[in-house]
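Engineer: Kindly return the folded structure for what I paste below:
(chains A and B)
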There are 2 protein chains.
Amino acid sequence: MKKRVLVDMDGVLANVYLQFIHFEYLESGKKLTLEEATGPDEVKAFPNGRKHVNMPGFFRTVPVMKGAVEAIKYLNEKYELYIVSAAMEFPNSLKDKYEWLEEHFPFLDWHQFVFCGSKQVICGDFMIDDHPKNLDYFDGQRIIFSQLHNAGKDNGYTRMDGWDEIYKIL
Amino acid sequence: MKKRVLVDMDGVLANVYLQFIHFEYLESGKKLTLEEATGPDEVKAFPNGRKHVNMPGFFRTVPVMKGAVEAIKYLNEKYELYIVSAAMEFPNSLKDKYEWLEEHFPFLDWHQFVFCGSKQVICGDFMIDDHPKNLDYFDGQRIIFSQLHNAGKDNGYTRMDGWDEIYKIL
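Structural biologist: Prediction:
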């Protein structure tokens, strides 16, 4: 039986930081660097971020993370794969996220999508996520996807610096 | 630590059968009885059912199952409660279902909502569902919510005939 891998969306499959920069520029003309955008102080970097993530379309047009499509194809053949997003905080994102997955990962099907409020209720063998708060409740092997906001954080995670590294880990 | 209870929406919290009858009447003028509607041959009973469940609004205005609000209040105090719906088949239903839960169960919060394609990935101690296909993959105690379509089906389930019976079971 294939082992089960759970993969996060925002900050892992979806480059929400580029999208924050884009929406902030459209809103205020302010150009943030990726370093400012992915740093620990998200609230300071994106004064309008909370508004933007609630706008229909924010998650529909977010760029795909580099190397994610090939990596997910690979994982989907080797493992029982689920895409698990804590999307419930932003109800406008639900259909956007569904359509985004269908567009960019057409080899997956909707049986493999989970949109939840808390990931505590999801079980599997491996979880790939950029947020310690999601990984820390998980019973299986925890793989942290590096972003500046999780730099230096360690709680027994396996760390991956981008999708190119997945082939060494799983 | 509280035990975790997973509760299904359609056919358990949401009386989708009354809604099917209502939408069929609006569509064709045909008046189905509840017995026809909840019987095993859903496809025959609802020739337009597939179209209706994909219409925005179908799940937003569905009637609440009798006794469900009081029962969920009770479960929410005694257990770690999650509402788990295999909603992903109908992407138009996602926001409708979120808003429906907010309207009728305002004492719950979005951390407790899970919309998935397959319930195989959700773990807990008790699952309340009307579909054997969801219960059969579940490791915990399986509670079947009686509907005509599951009459006589048994695979070690605890059976409940309506929400009034929950107080004897959990």
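Engineer: in chain A, what secondary structure element scores lowest on mean pLDDT?
Structural biologist: Counting by mean pLDDT, DSSP states H and E, the weakest-scoring helix or strand in chain A turns out to be helix A:42-45, with a mean of 65.
Engineer: helix or strand right after that one?
Structural biologist: With elements assigned by DSSP states H and E, the helix or strand that comes after helix A:42-45 is helix A:49-53.
Engineer: for that following helix, which positions count as buried?
Structural biologist: A:49, A:52-53 (16 or more other Cβ atoms under 10 Å in any protein chain shown). Placement of C-beta: from N, CA and C, glycine included.
Engineer: Looking at these, spot the one nearest A:Glu27.
Structural biologist: Checking the buried residues of helix A:49-53 against A:Glu27 with Cβ to Cβ, the nearest one is A:His52 at 7.3 Å.
Engineer: how about the helices of chain A, start to end?
Structural biologist: With DSSP state H as the definition, chain A shows helices at residue ranges A:16-28, A:34-38, A:42-45, A:49-53, A:68-78, A:93-104, A:132-135, A:166-169.
Engineer: Identify whichever of the ones you listed lies nearest to B:Phe126.
Structural biologist: Distance to B:Phe126, taken as Cβ to Cβ, is lowest for helix A:132-135 among the helices of chain A, at 23.9 Å.
Engineer: doesn't B:His111 make contact with A:Val121?
Structural biologist: No - counting by Cβ atoms under 8 Å, A:Val121 does not reach B:His111; the two are 9.6 Å apart.
Engineer: Between those two, point out the one with more neighbours.
Structural biologist: When neighbours are counted by other Cβ atoms under 10 Å in any protein chain shown, A:Val121 comes out ahead of the other of A:Val121 and B:His111, with 22 against 15.
Engineer: which bits of chain A sit near chain B?
Structural biologist: Along chain A, the residues adjacent to chain B under the rule Cβ under 8 Å from any Cβ of the partner chain are A:4, A:6, A:82, A:84, A:88-89, A:91-92, A:94-95, A:98-99, A:109-118, A:121-124.
Engineer: Just the buried ones among these, please.
Structural biologist: Among these, those buried by neighbour count (16+ other Cβ under 10 Å) are A:4, A:6, A:82, A:84, A:88, A:91-92, A:94-95, A:98, A:110, A:112-118, A:121-124.
Engineer: How far away from the center of its chain is stretch A:115-133?
Structural biologist: Its chain's C-alpha centre and that of stretch A:115-133 lie 11 Å apart, by Cα atoms, centre = their mean, to the nearest Å.
Engineer: my bad, should have said stretch A:152-163
Structural biologist: 14 Å.
Engineer: Quick check: buried residues in that stretch?
Structural biologist: Under the neighbour-count rule (16+ other Cβ under 10 Å), stretch A:152-163 has A:157, A:160, A:163 buried.
Engineer: Stretch A:145-152 now?
Structural biologist: With burial defined by 16+ other Cβ under 10 Å, the residues of stretch A:145-152 counted as buried are A:145-150.
Engineer: Now, those residues that are in strands?
Structural biologist: Among those, the ones falling in strands (DSSP state E) are A:Phe145.
Engineer: now, among the buried residues of stretch A:145-152, which is nearest to B:Thr33?
Structural biologist: The shortest gap between B:Thr33 and any of these belongs to A:Phe145, at 53.5 Å (Cβ to Cβ).
Engineer: ok, that closest one - contacts?
Structural biologist: Contacts for A:Phe145 (Cβ atoms under 8 Å, 6 or more residues apart in numbering or on different chains) come out as A:8, A:11-12, A:128-130, A:160.
Engineer: Just send those residues back as JSON lines, with pLDDT too.
Structural biologist: Compiled in JSON lines, these are given as follows (pLDDT from 0 to 100):
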{"residue": "A:Asp8", "pLDDT": "98"}
{"residue": "A:Gly11", "pLDDT": "94"}
{"residue": "A:Val12", "pLDDT": "97"}
{"residue": "A:Ile128", "pLDDT": "98"}
{"residue": "A:Asp129", "pLDDT": "98"}
{"residue": "A:Asp130", "pLDDT": "95"}
{"residue": "A:Met160", "pLDDT": "97"}
